[in-house]
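Chemist: Predicted model and sequence follow; I will ask about them next.
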Amino acid sequence: MTIQQKNTYDIMEVCVLAGKIMLQSGAETYRVEDTMMRIASAYGAKESHSYVTPTGIIFSIESDQPTKTKLFRITERTTDLQKVTYVNSISRRISKGELTLDEAYYALKEIEESKAGYPTVIQVLAAAAASGCFLIMFKGTWFDFPAALVAGGTGLLGFIYAQRLVPIKFFSEFVASLIIAIIAVLAVEFGWGVQVDKIIIGSVMPLVPGLVLTNAIRDLMAGHLVSGLSKGAEALLTAFAIGSGVAIVLTFM
């Protein structure tokens, strides 16, 4: 392998690693493609091409040697906008010439290996608070506020543990909505709540795929039809899973 070939492969490794982190963390498709091509250009690549879908990255660099292409499969996706921000920051530093290839690679590796998200306790408390606030926003009563807090927090906790047992996102969302609906119905039955519909609506809001749906529309508007349609389908499946869990409880209780 010549020095030029090694340099090209190193550039591709940095670009694909940056794209992988962003895509797994919930970034839009167009942003991932743009970041990868900007990094390649900053390191002197004459021309680069990227094709990104929610489940894979294809990246190539054209040079005097035969064109090199790298394919990476994405199997896990979550929402961690902090990592997206960190990668964008590194991309800007690369564009300014502040980082060498090795420095950029190790910086991106640190971001990839860093612990994602917040502790479970913080996530549950945030979901509980958000559920109560959504209840009030949807014109629920303050009497139902505690029930929404308990339902929303317990629902997210159920989602987290179901995801660990069975790593299928839609199944975890189904379990979470099932728990939320059961708590809401029991709260009204025992006199701890009044409006079961408002409690359920407020409590499932932390599960609603707002970011996925927004990214789907943004990708469609940018012309990324495959990514837009696949993310839209993911959002619809999530909505179906949430609705199914609630419907089963309301039907049999």
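Modeler: Structure's in. What do you need?
Chemist: what residues does stretch 12-25 touch?
Modeler: Stretch 12-25 has contacts (C-beta atoms under 8 Å, 6 or more residues apart in numbering) with 29, 31-33, 35-37, 39-40, 43, 48, 50, 52, 54, 57, 59, 61, 68, 70, 72, 74, 76-81, 83-84, 87, 90-91, 101, 104-105, 108-109, 111-112, 116. Bear in mind the C-beta positions are built from the backbone N, C-alpha and C, glycine included.
Chemist: residue boundaries of the helices in this structure?
Modeler: Secondary structure of the chain (DSSP state H): helices at 3-24, 29-42, 81-95, 101-113, 120-137, 145-165, 169-189, 196-204, 210-221, 225-252.
Chemist: Buried deepest among those, which one?
Modeler: helix 196-204 (a mean of 25; mean count of other C-beta atoms under 10 Å).
Chemist: Against which helices or strands is that helix packed?
Modeler: Applying 3 or more C-beta pairs under 8 Å, 6 or more residues apart in numbering; DSSP states H and E, we find helix 196-204 packed against helix 120-137, helix 145-165, helix 169-189, helix 225-252.
Chemist: ok, residues contacting the second one?
Modeler: Surrounding helix 145-165, the residues in contact under the criterion C-beta under 8 Å, 6+ apart are 120, 123-125, 127-132, 134-136, 140, 169, 171-173, 175-180, 183-184, 187-188, 192-193, 198-200, 202-207.
Chemist: can you list the domains in the chain?
Modeler: The record's domain split for the chain, according to automatic domain parsing, is 3-113, 120-252.
Chemist: before we move on, the earlier item: now render the helices and strands packed on helix 196-204 as JSON lines, adding mean pLDDT and distance to Ser95.
Modeler: Rendered in JSON lines, the data for the helices and strands packed on helix 196-204 read as follows (pLDDT from 0 to 100; distance: least, C-beta to C-beta, whole Å):
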{"stretch": "helix 120-137", "mean pLDDT": "93", "distance to Ser95": "34"}
{"stretch": "helix 145-165", "mean pLDDT": "93", "distance to Ser95": "37"}
{"stretch": "helix 169-189", "mean pLDDT": "93", "distance to Ser95": "35"}
{"stretch": "helix 225-252", "mean pLDDT": "89", "distance to Ser95": "24"}
